[in-house]
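*Asks:* structure, please.
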Amino acid sequence: FFFFFFDISCYSPPPPPLFFLLLFFRFLACRWDDELQVLADSLPGQMQGTLPVLHMLPAPKFVPPSTHYISPVYKTSARAGVLSTTGHSTNFVVPCHLPSVQHPDYWISKGAALLCQLDD
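*Replies:* Sure thing, here's the model as predicted:
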């Protein structure tokens, strides 16, 4: 998938007959920098951040840039689930390619991930 990020304040839905699902994700161990449009460190005292509206566009043979962090998207913060018959966790949703100034290893060591829901 190729990912587009939208500013929700100026977003207008695509014309019919396109189907479009808005997903609102929460960051864990990082945040989204609106000015630079990249993944950034969390602000002091901030546990979670919000990702802008995300449009996932299917693209054949898409290869993300090496500067992108391939963030896992989980249903819950448990990061664990039962292995399904496909070998994937039932808590895992999809990988999400996020632009970053930092090397992807930096975000891996922080355990950065996207969540569909918080524990609150």
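*Asks:* poorly predicted segments of this structure, please.
*Replies:* Residues of the chain that meet the criterion pLDDT under 70 lie in 1-25, 55, 120.
*Asks:* need the helices for it, in chain order.
*Replies:* In the chain, helices defined by DSSP state H lie at 104-110, listed in chain order.
*Asks:* how much space between residue 107 and residue 36?
*Replies:* Going from residue 107 to residue 36 by C-beta to C-beta, to the nearest Å gives 15 Å. C-beta coordinates here come from the backbone N, C-alpha and C atoms, glycine included.
*Asks:* look at these two and report which has more neighbours.
*Replies:* Higher neighbour count among residue 107 and residue 36: residue 107, with 20 against 11, using other C-beta atoms under 10 Å.
*Asks:* which ones are touching the residue nearest to the more buried one when sequence neighbours are not counted?
*Replies:* Nearest residue to residue 107, sequence neighbours excluded (C-beta to C-beta, 6 or more residues apart in numbering): residue 69, at 4.4 Å. By C-beta atoms under 8 Å, 6 or more residues apart in numbering, the contact list for residue 69 reads 39, 97, 98, 100, 102, 104, 107, 108, 112.
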